[in-house]
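>>> can you look at this prediction? I've put the sequence above it.
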Amino acid sequence: MLNILKKLTFWFVIFSLTVCFINLSGNDDKNILIYLTNPINPLLNDWLTKINTNPETNSLFRPLIYLFHLIFWGGVGFILDRVIMKLNRKG
């Protein structure tokens, strides 16, 4: 258990889940926190806006935003953990 606390992946996923829960609770009703903490969202802004404004796909908007957020931060943590592991082996 203590080993997982040393991984950046764990902490980045906790950060991502916290941001998602803040948004889900209604404290980020304009999605500003989600938008500013995920660099993928500005790249997909046009596509996400079409999903959010279309009544047929509106129910997919939040789960997609949360999924993109979680995958991005989990991936960043995983990559950084691998880089740190490689640097520790060399040194």
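Now that the structure is in, tell me what you want to look at.

>>> alpha carbons only for contacts and neighbour counts from here, please
Noted.

>>> distance of the spatially most central residue of the chain from Glu56?
Most central residue of the chain, judged by C-alpha distance to the mean C-alpha position with Cα atoms, centre = their mean, is His69 at 2.1 Å. Distance from His69 to Glu56, counting by Cα to Cα, to the nearest Å: 23 Å.

>>> again with Leu87
Counting by Cα to Cα, the gap between Leu87 and Glu56 amounts to 49 Å.

>>> can you report how many residues neighbour Tyr66?
19 (other Cα atoms under 10 Å).

>>> wait, isn't it in contact with Cys20?
Yes - under the criterion of Cα atoms under 8 Å, Tyr66 lies in contact with Cys20, with a separation of 6.1 Å.

>>> what's the longest helix seen in the chain packed up against?
Ranked by residue count under DSSP state H, the longest helix found in the chain is helix 61-90. Counting contacts by 3 or more Cα pairs under 8 Å, 6 or more residues apart in numbering; DSSP states H and E, helix 61-90 is packed against helix 8-24, helix 40-43, helix 45-53.

>>> tell me the most buried of the ones you listed?
For those, average neighbour numbers computed from mean count of other Cα atoms under 10 Å are highest in helix 8-24, which has a mean of 18.

>>> hmm, who's touching that helix?
Residues lying outside helix 8-24 but in contact with it, judged by Cα atoms under 8 Å, 6 or more residues apart in numbering, are 4-5, 28-29, 31, 33-34, 66, 69-70, 73-78, 80-81.

>>> measure Thr53 to Asp46 for me?
For Thr53, the distance to Asp46 - Cα to Cα - is 11 Å.

>>> to clarify, my last question referred to Phe61.
Distance from Phe61 to Asp46, counting by Cα to Cα: 13 Å.

>>> cool, and Ile79?
28 Å.

>>> Ser59 in helix, strand or coil?
Under DSSP: H, G, I helix; E, B strand; the rest coil, Ser59 falls in the helix class.

>>> list the contacts for it?
Contact analysis of Ser59 by Cα under 8 Å, 6+ apart lists Asn52.
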